[in-house]
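Peer 1: This is a predicted model, with the sequence first.
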Amino acid sequence: VNLYGERIEVDYRGYEATSEAFLRVLTGRHPPGTPRSKMLLTDERSNVLVFLSGHGGDEFLKFLDKTEGSAHDFAAAVAQMRTQGRLNEMLFLVDTCQAATLLTRFHTLGVVGAASSAKGENSYSLGHDRYIGVATIDRWTHAVLSVAEGMGPDSNMTLAALLGAATPRRVGSTPALRDDLLDRPADQVRATDFFGSVFKVEDIGNEPFDFAGIAWP
């Protein structure tokens with residue numbers, strides 16, 4: 001069962017998806033020979049979206065039930081990204097039990113976090129897939145995604161409105177939003193700052209392009 005769809009490129013699969021690999025992607029500290037497809041090639045102008053989902057608890061998240069990432073790990077990695085000039089702003093989304101505890105250690109300006117559940121609360125799945133016998137999405141993720149999928153690149157929906165779709169009644173827990181590290185509240189942040197992008201393309205017509213004039217690395 002392909003849960004990603006036809007247009008999603010998966011760079012880390014199976015046992016490659018460890019907590020160490022995730023932190024290396026954020027900080028850019030990869031082993032020699034790592035292909036560019038496995039790197040996060042961002043700079044100081046980049047808005048970065050991070051989404052984590054799985055089994056977790058008070059200030060930790062499991063990766064494949066083998067390794068764990070902690071709130072301290074994530075906060076330190078994001079602080080390094082700021083120092084290295086690898087981000088402008090970041091939206092850090094977490095859907096797991098006690099998810100809000102993973103946002104508590106952030107101190108880097110420009111980071112806004114949202115979580116599916118408060119400390120001491122569970123995060124709940126939405127039904128199950130009859131072919132594989134387990135749930136393929138959680139309630140909080142489904143609530144946010146159902147709204148995000150309807151946005152266009154020119155949407156004026158704010159981040160607060162998007163995340164507000166996941167109400168306690170709908171998800172069975174208490175969602176959290178932390179925006180104190182931003183220079184503006186979440187109801188003044190466009191959701192498409194993180195969930196969409198628009199590229200400028202210049203039409204040069206049928207003129208030939210001089211590849212010989214390019215300095216290749």
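Peer 2: Cool, the structure landed.
Peer 1: Determine the number of other residues adjacent to the closest residue to residue 89 other than its chain neighbours.
Peer 2: Excluding its sequence neighbours, the residue lying closest to residue 89 (Cβ to Cβ, 6 or more residues apart in numbering) is residue 110, at 4.4 Å. Using the backbone N, CA and C atoms, a C-beta is placed for each residue, glycine as well. Around residue 110 there are 16 other residues, counting by other Cβ atoms under 10 Å.
Peer 1: Residue 110 touches residue 86, doesn't it?
Peer 2: No - look at residue 110 against residue 86 with Cβ atoms under 8 Å: they stay out of range, at 11.4 Å.
Peer 1: sorry, back to before: now for the residue nearest to residue 89: which residues touch it?
Peer 2: 82, 87-90, 181-183 (Cβ atoms under 8 Å, 6 or more residues apart in numbering).
Peer 1: again with residue 57
Peer 2: 97-98, 101.
Peer 1: Make JSON lines from these and add neighbour count and secondary structure to it.
Peer 2: Putting these into JSON lines (neighbours: other Cβ atoms under 10 Å; DSSP: H, G, I helix; E, B strand; the rest coil) gives the following:
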{"residue": "97", "neighbour count": "20", "secondary structure": "coil"}
{"residue": "98", "neighbour count": "23", "secondary structure": "coil"}
{"residue": "101", "neighbour count": "24", "secondary structure": "helix"}
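Peer 1: Of the residues you listed, which is the nearest to residue 143?
Peer 2: In terms of Cβ to Cβ, no member of the contacts of residue 57 lies closer to residue 143 than residue 97, at 16.7 Å.
Peer 1: Please, where are all the helices along this protein?
Peer 2: Applying DSSP state H to the chain gives helices spanning 19-27, 71-84, 139-148, 159-163, 168-171, 192-195.
Peer 1: out of the ones you listed, nearest to residue 62?
Peer 2: Closest approach to residue 62 among those is made by helix 19-27 (8.5 Å; Cβ to Cβ).
Peer 1: What lies in contact with the closest one?
Peer 2: Identification of contacts with helix 19-27 by Cβ under 8 Å, 6+ apart yields 12, 30, 38-40, 50, 61, 63, 67-69, 73-74, 77-78, 80-81, 84, 86.
Peer 1: Just the buried residues of the residues you listed.
Peer 2: 40, 50, 61, 63, 68-69, 73-74, 77-78, 80-81, 86 (16 or more other Cβ atoms under 10 Å).
Peer 1: is it true that residue 194 touches residue 49?
Peer 2: Yes - Residue 194 is within contact range of residue 49, at 4.6 Å (criterion: Cβ under 8 Å).
Peer 1: list the residues that contact both of the two?
Peer 2: Going by Cβ under 8 Å, 6+ apart, residues that sit against residue 194 and also against residue 49 are residue 91.
Peer 1: Give me the more crowded residue out of the two.
Peer 2: residue 194 (20 against 12).
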